[in-house]
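Student: With the input below, show me the fold.
(one chain, ligands or ions: 1)
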Amino acid sequence: MGVILTEEQLREKLKYWVKILRLQDWIIEVKIARGKDMLENASACVNWTLSKKMASIKVLDPIDYPDDVMGERDMENDLVHELLHLHLAPINDYFNNNNDFYNTFEEQAIESITSGLIAVVRK
Ligand SMILES: [Zn+2]
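Tutor: Next comes the predicted model:
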């Protein structure tokens, strides 16, 4: 069962998760973006400036979901995933986003933590 949210609902979720994840010292915006403005096959992405603790999260517009994943997309899950990247931003910046071993580790860790957190809050 998928979770599809409007940009307004995503902003409410952002407020909620920023507190839970203790990211209140960041300035974070979230937007819904079309597929052409995202990396290919990405359902969400985050860009940050660590020195300013500013971040921008884009979540793929459901219009651009491939038909076969429509029912499985979960925009809250995508949001939490991208927020968790901010906790690892100093290490990610250190590797200059250029170390496949580290990037794989980061993605796997974040996927597991995200699904655990989502499962707990929806119980
Ligand atoms: Zn990720």
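Student: Give the next helix or strand downstream of the helix or strand where residue 78 lies.
Tutor: Using DSSP states H and E, residue 78 falls within helix 75-87. Using DSSP H and E, the helix or strand that follows helix 75-87 in sequence is helix 89-94.
Student: which residues touch the helix holding residue 78?
Tutor: The contact list for helix 75-87 (C-beta atoms under 8 Å, 6 or more residues apart in numbering) reads 3-5, 10, 13-14, 17-18, 21, 23, 26, 28, 30, 43-46, 48, 55, 57, 59-60, 62, 92, 106, 110-111, 113-115, 117-118. C-beta: built from backbone N, CA, C; applies to glycine.
Student: Report the buried residues of that helix.
Tutor: In terms of neighbour count (16 or more other C-beta atoms under 10 Å), helix 75-87 has its buried residues at 75, 76, 77, 78, 79, 80, 81, 82, 83, 84, 85, 86.
Student: can you put those residues in TSV and add pLDDT?
Tutor: Shown next, in TSV, are the buried residues of helix 75-87 (pLDDT from 0 to 100):
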residue	pLDDT
75	96
76	97
77	97
78	97
79	98
80	98
81	98
82	98
83	98
84	98
85	98
86	98
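Student: biggest separation within those, which pair?
Tutor: Pairwise distances across these (C-beta to C-beta) peak at 17.6 Å, for the pair 75 and 86.
Student: what's the nearest residue to the residue positioned nearest the centre of the chain if we skip its chain neighbours?
Tutor: By C-alpha atoms, centre = their mean, the chain has its centre lying nearest to residue 82, at 2.1 Å. Spatial nearest neighbour of residue 82, excluding adjacent residues (C-beta to C-beta, 6 or more residues apart in numbering): residue 46 at 4.0 Å.
Student: The one you found against residue 56, yeah?
Tutor: Yes - between residue 46 and residue 56 there is a contact at 7.1 Å, judged by C-beta atoms under 8 Å.
Student: All good on my end, thank you.
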